[in-house]
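Trainee: show me how the following folds:
(chains A and B)
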Amino acid sequence: MNAIEIKGLTKSFRGMYALNGLNMKVPVGSIYGFIGENGSGKSTTEKLICGHLVKDSGTIKLFGKDYTDPGVRVRVGALIENAGCFPGASIYMNLKMQCLNLGIENADEEIDRVLKIVRMEEHRELKFKKCSLGMKQRVGIAMALLGSPALLILDEPINGLDTDGMRIMREILVDITQNYNCTVLISSHILGELEKIATHYGIIRQGKMVQELSAEEMEARARIFVSLKVADMQGAKKLLDKQFKNVREEDGYLRVYDEENTEAIVEFLISKGHIPSEIKKNKVGLEEYYIELMSKKESA
Amino acid sequence: MEKSKELKFESPSFITRIKGMLSVDFYRLFHTPLFYIFIAIAAIIPAMIIGTTGMDSSQTAALFTNTWQAIAVEKPLYVVENIGQYANMNMVFIFGGIMVSIFIGHDYKSGYVKQLFTTHAKKQDYMISKTIISAFSMVCMCGTYLVGTILAGALVGLSFRVNAGSLICAILGKMIMSLGWASLYTFLNIIFRKLFAAGVASSFFFGTGILIIGVAAILPGNPSILNMFLYGSSVYACLSSNFVSVLVCILCSVGWSIFYNALGTYILNNSDVY
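Mentor: I've put the predicted structure just below:
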């Protein structure tokens, strides 16, 4: 079963299509990394799933039911743009209000539970406006976690966080999917971070899904390359071009793509009088994969 | 501690949903200093009215000769002829409107409304809950207004002579009309949900009853049909009220509430939240 299944979703703002026949499938229990450039339709999709926007056409199903079904909606948590808290109220009060809305009986226990997950238990009486950006994001997650949601929708939750904040957020997300049977849809521009936690990816461009793939598929498609540094980069590149299919000069390195045999490359260069000062074997990451896919679409 | 939950989806009933929404709104209302400020303002208004219009001065005669004139006018009123006719418990509805605007405005400004609509809360639940909570706060304001009136009347030394039955009917009528006014303000602030200042301005404009006063002023004779409108039925709750007046207020209040709630729900269901 899919946690989210979208078919032919369209949404326009004043005649401009933000989503144009979007199809999407988010498997239950996955951490679905939703990727796309600014204005590609990520936030619009998330807002539509959350019922904040009215769709023009198409269908949205959550766990096989219509997305407006209150039975499903009560198990959805979201952090879209901001935490949606009253700035003058304390963290506890904000969470308490959402507990009341959700009809949670043991509100205080539930608040303690979610604050512990987001590591904010010591700050429950702090006013929301006094929280740092990272704390606000974590309060937003705590708010979304109330009532043990089956689906969590997070729009750029790691934006503006420092390295430690990102690490904490990453650990929280892995924890809730592994231990709380929760599916997570997360959009982010920080692909390096997303790559560390996502089990599935959806790449959106101009309101249409370009590609959906699992982390395993991504891994299988990931290209291997060897990075080298030599004194005469141009000369070495000319030689490598004759011997290997895909050689590029990128980021101050000579990169030989789709070649696993590092020794063969090094031996070849040495035999031609080029001594490498640096040798690295890498895999194309999500970021490079995404850039390549986008540039292909651009040229098409 | 529960570590995981099965994927079970049970639809909460309307009662469960509305109970949840009302609990949030009441919790918020009682934790909002603004509510207590407006309640205090409602108590001060009659003191100011009676203090400034209930005493003779060297130039002017007293506009109020009886304490209960600060609660309601003597007869149903269509055209305001002097400030004394205007200044009564109806002023609570003006301040109530501003309070509703701020209350709903903050839902949107803070983004809290997103939390509500992401979960099981329906737009209809939101409209109903906001209307009830707004009506409740206006009834509270009517209560403190009444206390303020009695204290101010006693301090100034105005007469308290009145037909008790009519007075009770008038006060009840005004309190009942709070529901109608609350639904109007909720509706207006849903329309102007993206423009906070416009929401406050519209509440003030409608709260003062300028619209109905204006219509009444240009209509010939005694336009009793205006009693069916919000402002008309509010002033119908006067010191000559009886059981029928209360019934008119109930019908108008409930009728307008259903109308404005249905309209507001339709707008919310068919337009983006923000």
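Trainee: next, see if the helix or strand containing residue B:150 gets close to chain A.
Mentor: Assigning secondary structure by DSSP states H and E places residue B:150 in helix B:123-156. No. Under the criterion of C-beta under 8 Å from any C-beta of the partner chain, chain A is not reached by helix B:123-156; the shortest gap measures 9.0 Å. Every residue, glycine included, has its C-beta placed from N, CA and C.
Trainee: buried ones in the helix or strand just after that helix?
Mentor: Using DSSP H and E, the helix or strand that follows helix B:123-156 in sequence is helix B:164-191. Going by neighbour count (16 or more other C-beta atoms under 10 Å in any protein chain shown), the buried part of helix B:164-191 is B:166-167, B:169-191.
Trainee: so which elements touch the helix or strand encompassing residue A:95?
Mentor: Element membership of residue A:95, judged by DSSP H and E, is helix A:91-102. Helices and strands touching helix A:91-102, by 3 or more C-beta pairs under 8 Å, 6 or more residues apart in numbering or on different chains; DSSP states H and E, are helix A:107-117, helix A:133-145, helix B:14-30, helix B:112-118.
Trainee: pull the CA atoms of the shortest one into CSV?
Mentor: What that stands for is helix B:112-118. Output in CSV follows, covering the C-alpha atoms of helix B:112-118 (Å, rounded to 0.1, in the frame of the first residue of the first chain):
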residue,chain,number,x,y,z
TYR,B,112,-1.8,28.0,13.4
VAL,B,113,-4.7,27.5,11.0
LYS,B,114,-2.4,25.2,9.0
GLN,B,115,-2.1,22.9,12.0
LEU,B,116,-5.9,22.8,12.3
PHE,B,117,-6.7,22.1,8.7
THR,B,118,-3.9,19.5,8.2
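Trainee: so what's residue 68 up against?
Mentor: Just so you know, I chose chain A. residue A:51 (C-beta atoms under 8 Å, 6 or more residues apart in numbering or on different chains).
Trainee: my bad, chain B
Mentor: Residue B:68 touches B:149, B:153, B:160, B:162, B:167, B:239, counting by C-beta under 8 Å, 6+ apart.
Trainee: let's see it at 6 Å
Mentor: B:162, B:167, B:239 (C-beta atoms under 6 Å, 6 or more residues apart in numbering or on different chains).
Trainee: so the second one versus residue B:46, what's the distance?
Mentor: The span separating residue B:167 from residue B:46 equals 14 Å under the rule C-beta to C-beta, to the nearest Å.
Trainee: do the last one as well
Mentor: For residue B:239, the distance to residue B:46 under the criterion C-beta to C-beta works out to 15 Å.
Trainee: ok, residue A:215 - how many residues close by?
Mentor: 17 (other C-beta atoms under 10 Å in any protein chain shown).
Trainee: test my guess that it contacts residue A:201.
Mentor: No. Using C-beta atoms under 6 Å, residue A:215 is not in contact with residue A:201, being 7.3 Å away.
Trainee: and chain A, which residues reach chain B?
Mentor: Within reach of chain B by C-beta under 6 Å from any C-beta of the partner chain, chain A has these residues: A:50-54, A:70-74, A:76, A:78, A:80, A:82, A:84, A:86, A:97-98, A:100-101, A:103, A:148, A:150, A:179-181.
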